[in-house]
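Visitor: Make a model of this:
(chains A and B)
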There are 2 protein chains.
Amino acid sequence: MDASAASRTVSPRATAEKLKDPDQLIDSVETFIFDCDGVIWKGDKLIDGVPETLDMLRAKGKRLVFVTNNSTKSRKQYGKKFETLGLNVSEEEIFASSFAAAAYLKSIDFPKDKKVYVVGEDGILKELELAGIQYLGGPEDGDKKIELKPGFMMEHDENVGAVVVGFDRYFNYFKIQYATLCIRENPGCLFIATNRDAVTHLTDAQEWAGGGSMVGAVRGSSQREPLVVGKPSTFMMDYLANKFNISKSQICMVGDRLDTDILFGQNGGCKTLLVLSGVTTLPMLENPDNTIQPDFYTNKISDFLSLKAAAV
Amino acid sequence: MDASAASRTVSPRATAEKLKDPDQLIDSVETFIFDCDGVIWKGDKLIDGVPETLDMLRAKGKRLVFVTNNSTKSRKQYGKKFETLGLNVSEEEIFASSFAAAAYLKSIDFPKDKKVYVVGEDGILKELELAGIQYLGGPEDGDKKIELKPGFMMEHDENVGAVVVGFDRYFNYFKIQYATLCIRENPGCLFIATNRDAVTHLTDAQEWAGGGSMVGAVRGSSQREPLVVGKPSTFMMDYLANKFNISKSQICMVGDRLDTDILFGQNGGCKTLLVLSGVTTLPMLENPDNTIQPDFYTNKISDFLSLKAAAV
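Guide: Modelled structure (predicted):
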């Protein structure tokens, strides 16, 4: 059931090629999917040359889609982040893992009388609400403590039919126990992870423990594998291809992480471009232990412009 | 390095035999190792017939040892629990995973100038203190929050040479991030788990998420496998055999869990007795999917007395 479990079966590509002729790549696809953090921005700072690059791609008639494993914001909240950074991106072009969790539940016709227990921040709640799905948990459980009198028992809602786990700065033992009880004791209860990223970029000063830690905790106590809806699972790619009616071979996935972005593109059968403006460095890409090779790599997406200029 | 990783290589035994002749088992060994929760007590209640059974074994000259994966108490604090329940057990007979973590660090000559970062409760701190090992973290980090200003960076102590993770009711994101930073950024930093139990018995009213959840969280963000010092890893068994100078074939491990206690005994080459007074039921033992078969099983340890009486 875990789409990411299949991810390691992708056959290794030949060595990645340094991008030299961006026009050839641009002309060969109709859609670009961009990861956000490390590609468009780093923490709160826009990466050089991004607005001009996106404008050029739009002028060429390319569809642009922005995909992020960050589940703390909803599509609408992300839209505001793009706006603040001076980028003209609509909500419909944004696919965050918070949205993916809600979209997944809608895709399986999650019953109207069932609820979702949320370990995570506001973005997941907002997306569930928009999808008309009942939920409990989330930020309001952030201050709850376990009272340990002899015989004490935590009650849980037997109508919880899914637990969604995403990144959560206010993670605590109450949430671990509540999520575990639902998964272990409610028959058929799903365990959905927005992502399993080891690290995330809360601030641009250092790497921070990511959603993989919250998911790892619930996995450790429930002894169940999660169903992952974010990258590198193929759920969002299938959803996008279906929604926009595009062939996956006509998509180029652009990202800064090998084990999420590039694998996501490869699992979906897309072209892939690694940018070195985020967490992956050239020595990491070229390390003989690295088995994930994108089709192309380049320093940053604005190389689409500078390489073109150089080629003229 | 993870001793528990080897645990699955144990060859399956034939089907467990229902205990009929306790004297034969008692006479065949010189030491009994008892798990505590589900064998001696359940939560705060002594299991029927335990004091008389232990007295009988002592009268027969058997060495008794009590081993628990619970790391929230030190040996000394456990001694008090035995005393409160009216059992005459000395500190030296008690081996908790809190003690095992400190004993492991001593066994590898953990450098005097290095420190341990603790995710866990008081028991681990107390044992580290007794072992003369410097530490930080533990309960005092239970109320710490992450301040999220742009550019914010969490400082961490570069002298942390090991992170010890045990069960922790006051688990939070601060601890996950601190532990992850030490493991990822301090060269050679060890990641030690007291145990990976999915559930524990904080109260006897229900099962509670166990140390496996805290360990799973740090594993998820550090992408490192822990070195487990509690059951079913063989560290404590080797330590005990060495300390008391006993042959492992002269030990009978008595416990209520197949995947920790019985595996622990089997990994150590001991005889094993499963009691059904804890988490494992007869249908669970007899389930065809269960690959862990003890040598013997019985309802509770006082069957040592009632079966003898019945045999007379």
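
Visitor: for the stretch 51-200 of chain A, what spans make up the helices?
Guide: Secondary structure of the stretch 51-200 of chain A, counting by DSSP state H, counting those that start in this stretch: helices at A:75-84, A:97-107, A:122-130, A:173-185.

Visitor: Now tabulate those helices in TSV and tack on mean neighbour count.
Guide: Where you see a C-beta, it was placed from the backbone N, CA and C, and this is true even at glycine. What follows is those, written out as TSV (neighbours: other C-beta atoms under 10 Å in any protein chain shown):
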stretch	mean neighbour count
helix A:75-84	17
helix A:97-107	25
helix A:122-130	22
helix A:173-185	24
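
Visitor: Now tabulate those in CSV and tack on distance to residue A:159.
Guide: Converted to CSV, the helices of the stretch 51-200 of chain A look like this (distance: least, C-beta to C-beta, whole Å):
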stretch, distance to residue A:159
helix A:75-84, 27
helix A:97-107, 14
helix A:122-130, 15
helix A:173-185, 10
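
Visitor: mean confidence score for stretch A:149-165?
Guide: When pLDDT is averaged over stretch A:149-165, the result is 93.

Visitor: so who does residue A:236 touch?
Guide: The contact partners of residue A:236, by C-beta atoms under 8 Å, 6 or more residues apart in numbering or on different chains, come to A:67, A:95, A:97, A:100, A:229-230, A:264.

Visitor: which residue sits closest to whatever residue of the stretch 51-200 of chain A ends up closest to chain B, ignoring its sequence neighbours?
Guide: Relative to chain B, the nearest point of the stretch 51-200 of chain A is residue A:153 (3.7 Å; C-beta to the nearest C-beta). What sits nearest to residue A:153 in space, not counting adjacent residues and going by C-beta to C-beta, 6 or more residues apart in numbering or on different chains, is residue B:205, at 3.7 Å.

Visitor: Hmm, residue A:151 and that neighbour touching each other?
Guide: Yes - between residue B:205 and residue A:151 there is a contact under C-beta atoms under 8 Å: 5.0 Å.

Visitor: what's the overlap in contacts for those two?
Guide: Common neighbours of residue B:205 and residue A:151 (criterion: C-beta under 8 Å, 6+ apart): residue B:43.

Visitor: Residue A:123 - nearest residue in space that isn't next to it in sequence?
Guide: In space, residue A:123 comes closest to residue A:98 once its chain neighbours are excluded; the distance is 3.7 Å by C-beta to C-beta, 6+ apart.

Visitor: my guess is the one you found contacts residue A:131, does it?
Guide: No - Residue A:98 is beyond contact range of residue A:131, at 10.6 Å (criterion: C-beta under 8 Å).

Visitor: so what's the residue of the stretch 51-200 of chain A closest to chain B up against?
Guide: By C-beta under 8 Å, 6+ apart, the contact list for residue A:153 reads B:203, B:205-206.

Visitor: at 10 Å what do you get?
Guide: A:181, B:203-206, B:208 (C-beta atoms under 10 Å, 6 or more residues apart in numbering or on different chains).

Visitor: Spell out which residues of the stretch 51-200 of chain A are next to chain B.
Guide: Within reach of chain B by C-beta under 10 Å from any C-beta of the partner chain, the stretch 51-200 of chain A has these residues: A:142, A:145-156, A:167-181, A:184-185, A:193, A:196-200.

Visitor: helix, strand or coil for residue A:294?
Guide: The three-state assignment at residue A:294 reads coil, by DSSP: H, G, I helix; E, B strand; the rest coil.

Visitor: what do you get for residue A:264?
Guide: Secondary structure assignment for residue A:264 (three-state DSSP): helix.

Visitor: Tell me how far it lies from residue B:29.
Guide: Applying C-beta to C-beta, to the nearest Å, the value for residue A:264 to residue B:29 is 56 Å.

Visitor: Which of these two has more residues huddled nearby?
Guide: When residue A:264 and residue B:29 are compared on other C-beta atoms under 10 Å in any protein chain shown, the one with more neighbours turns out to be residue A:264, at 27 against 20.

Visitor: and that one, what pLDDT?
Guide: Note on residue A:264: pLDDT of 96.

Visitor: now swap in the one 4 residues further on and tell me
Guide: At residue A:268 the predicted local distance difference test score is 93.

Visitor: From residue B:192, how far off is the closest residue to it other than its chain neighbours?
Guide: Distances taken as C-beta to C-beta, 6+ apart put residue A:237 closest to residue A:268, at 3.5 Å, once the chain neighbours are dropped. Computed as C-beta to C-beta, the residue A:237 to residue B:192 distance reads 39 Å.

Visitor: Give me the below-cutoff pLDDT ranges for chain A.
Guide: Within chain A, the stretches with pLDDT under 70 are A:1-13, A:311-312.

Visitor: before we move on, the earlier item: could I get the contacts of residue A:153 as TSV with distance to residue A:273 and secondary structure?
Guide: Supplementary listing: these in TSV, determined by distance: C-beta to C-beta, whole Å; DSSP: H, G, I helix; E, B strand; the rest coil:
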residue	distance to residue A:273	secondary structure
A:181	44	helix
B:203	54	coil
B:204	57	coil
B:205	55	coil
B:206	50	coil
B:208	47	strand
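
Visitor: Of the residues you listed, which pair is most distant in space?
Guide: A:181 and B:204 (15.8 Å; C-beta to C-beta).

Visitor: who touches the residue nearest in space to the middle of chain A in this structure?
Guide: Central residue of chain A (C-alpha atoms, centre = their mean): residue A:69, 1.9 Å from the mean position. Going by C-beta under 10 Å, 6+ apart, residue A:69 touches A:35-37, A:96-98, A:100, A:166-167, A:194-197, A:200, A:210-212, A:228-232, A:236, A:257, A:260-261, A:264.

Visitor: Can you name the residues that contact the spatially closest residue to it that is not a sequence neighbour?
Guide: Nearest residue to residue A:69, sequence neighbours excluded (C-beta to C-beta, 6+ apart): residue A:195, at 3.8 Å. With contacts defined as C-beta under 10 Å, 6+ apart, residue A:195 is in contact with A:4, A:68-71, A:97, A:100-101, A:165-167, A:210-212, A:214-215, A:226, A:228-233, A:260.

Visitor: hmm, 6 Å instead?
Guide: A:69, A:97, A:211, A:230 (C-beta atoms under 6 Å, 6 or more residues apart in numbering or on different chains).

Visitor: Then residue A:230?
Guide: Taking C-beta under 6 Å, 6+ apart as the criterion, residue A:230 is in contact with A:69, A:97, A:100, A:194-195.

Visitor: Next one: it relative to chain B, how far apart?
Guide: According to C-beta to the nearest C-beta, to the nearest Å, residue A:230 and chain B sit 14 Å apart.

Visitor: tell me the SS of that residue?
Guide: coil.

Visitor: what about it, distance to residue A:216?
Guide: Residue A:230 sits 15 Å away from residue A:216, going by C-beta to C-beta.

Visitor: Residue A:181 too?
Guide: 18 Å.

Visitor: Same check on residue A:169?
Guide: For residue A:169, the distance to residue A:216 (C-beta to C-beta) stands at 16 Å.

Visitor: and what of residue A:269?
Guide: Applying C-beta to C-beta, the value for residue A:269 to residue A:216 is 29 Å.

Visitor: who's more crowded, these two?
Guide: Shown here are residue A:269 and residue A:216; by other C-beta under 10 Å, residue A:216 has more neighbours (28 against 14).

Visitor: who does the helix or strand hosting that one touch, helix- and strand-wise?
Guide: Here residue A:216, judged by DSSP states H and E, is contained in helix A:211-222. When contacts are defined as 3 or more C-beta pairs under 6 Å, 6 or more residues apart in numbering or on different chains; DSSP states H and E, helix A:211-222 sits against strand A:160-165, helix A:173-185, helix B:211-222.
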